[in-house]
Every structure is written in C-alpha cells, then in structure tokens.
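A.B. asks: fold the following.
(2 chains)
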Amino acid sequence: QKEVEQNSGPLSVPEGAIASLNCTYSDRGSQSFFWYRQYSGKSPELIMSIYSNGDKEDGRFTAQLNKASQYVSLLIRDSQPSDSATYLCAPEGNGNNRLAFGKGNQVVVIP
Amino acid sequence: DGGITQSPKYLFRKEGQNVTLSCEQNLNHDAMYWYRQDPGQGLRLIYYSQIVNDFQKGDIAEGYSVSREKKESFPLTVTSAQKNPTAFYLCASSQGSGLEQFFGPGTRLTVL
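C.D. replies: Next up, the predicted model:
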C-alpha cells in the first residue's frame, strides 16, 4: 500500500475556476499535513499547512483535513495561469519528523 | 535575508567519482533533510538530521553519506557506490518535529 496517494493525471481547469486536489495517506498517526507547489525545474514551495480536522483558508487556497478518513485536499479558487504547477501532498509521519511525499498533481490553468 | 542555499546548481560527475553537494541555512533551524527527486516521482528521503552531530538514514541512504558538524550546514556526498545518481537533489530544513520544512533551490546532478 502506497503511503501517500494523489489523483492521477494532469488536471486542466479554465482560468477563474476552482481546482480541487485530493490526497489520501496510510499512516493513521500523522498529525501534520503540508501542501507544496512545485514549478517545473524548481524546488517545492510550501503553500499550506494544516494540523486539525476541518478547513483552513489562506487567500485563494483552502486545505481540508479529515483524519478519520485519512484524507486531505486542497482547493484553489479563482485559478490563475500562475497556478499551473505540480502540487505535492506531504503528511508527516507519527511525530517522527519525516514527511512522506505523494507523486503530485499537475494542474494546468487554461487562459 | 534568511534562507537555504545549495551549491552548485548543476553538477556533472564521471562514473566512479565521489561528489559533495553543499547545503547551508541561516534560519537557525535544528533539523535538516536531503531528498532526491526523479522525473515523475515524489521526493524520497535520503538522510536527515535533527540535531548537530547526529543524523539518521532515510529510505534510500545506500550510496550516500552526510555529516552535521555545524547547525547551519548539512553536506551530502554521493559516492561511487550509488548506482543511479542522476537526479534532482533537494535540501530542506525545519524548526523541529511536526513543523514546516522549507526547501533550498536544489542541485541537479548528472552522471556522464
């Protein structure tokens, strides 16, 4: 069983629409969850962190966490061409100071 | 201006050579990490260090070595024992367990 699974295939969304990215994880002890954005050829950039069940909003980004279902998602509202990137989901292991990364969701925003 | 620096940006290595990748941070973070990223793959943890003079193997430590003699520095050596070293190497740091990790710009290593 893979530790972190993200939706397969690139996600194409029209400019101004909502992009929805999903992530499931296997470690029930995970307490901290992070979303990174990675542009092609660049290093990952932290965009959201979430620690408690529910929603957390930061600008156009909303992270949603459901620990019982082992599910974390990221919504990008009013998508812009600059949001075109790969988004990496990274839960932390059970207090072990290690992140487990998914393969990422590629988002393409079409003007 | 706080941050994480990695050097060099690009590195070419001949087969059989050892090379050392530099990672420095001035964020006063306790923990530092090395990851490897291959095309179409997620990041895989090579080594990490939670405190000076201590480090632990990650998931793919074979063929790599590290040292943590100073809080701000965590160099990675890719040895000739690493069979497929061509990859994008990323260094990260964090204040501690459960907290955000921040990444340097990366080093792209190519074996000729």
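A.B. asks: how about the residues of chain A near chain B?
C.D. replies: A:4, A:31-32, A:34, A:36, A:42-46, A:49, A:51, A:88, A:90, A:92, A:95-99, A:101-104 (CB under 8 Å from any CB of the partner chain). Just so you know, the C-beta spots here come from the backbone N, C-alpha and C atoms, and that holds for glycine as well.
A.B. asks: buried subset of those as a PyMOL selection?
C.D. replies: Listed next is the PyMOL selection for buried residues among the residues of chain A next to chain B, using 16 or more other CB atoms under 10 Å in any protein chain shown:
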select buried, chain A and resi 4+32+34+36+43+44+46+49+88+90+92+96+97+98+99+101+102+103+104
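A.B. asks: near chain A at all, stretch B:70-83?
C.D. replies: No - against chain A, stretch B:70-83 shows no contacts by CB under 8 Å from any CB, the least distance being 14.1 Å.
A.B. asks: what are the ranges of the strands in chain A?
C.D. replies: Taking DSSP state E, the strands of chain A run over residues A:4-6, A:11-14, A:19-25, A:33-38, A:45-50, A:54-58, A:61-66, A:71-76, A:85-91, A:105-110.
A.B. asks: the fifth one packs against which elements?
C.D. replies: So the one you mean is strand A:45-50. For strand A:45-50, the elements it packs on are strand A:33-38, strand A:54-58, strand A:61-66, strand B:101-103, judged by 3 or more CB pairs under 8 Å, 6 or more residues apart in numbering or on different chains; DSSP states H and E.
A.B. asks: what kind of secondary structure is the nearest residue to A:Asn97 once chain neighbours are set aside in?
C.D. replies: Spatial nearest neighbour of A:Asn97, excluding adjacent residues (CB to CB, 6 or more residues apart in numbering or on different chains): B:Ser97 at 4.1 Å. Put simply, B:Ser97 is coil when judged by DSSP: H, G, I helix; E, B strand; the rest coil.
A.B. asks: any idea how far B:Ser97 is from B:Thr107?
C.D. replies: From B:Ser97 across to B:Thr107, the span is 26 Å (CB to CB, to the nearest Å).
A.B. asks: higher neighbour count, these two?
C.D. replies: B:Thr107 (23 against 16; other CB atoms under 10 Å in any protein chain shown).
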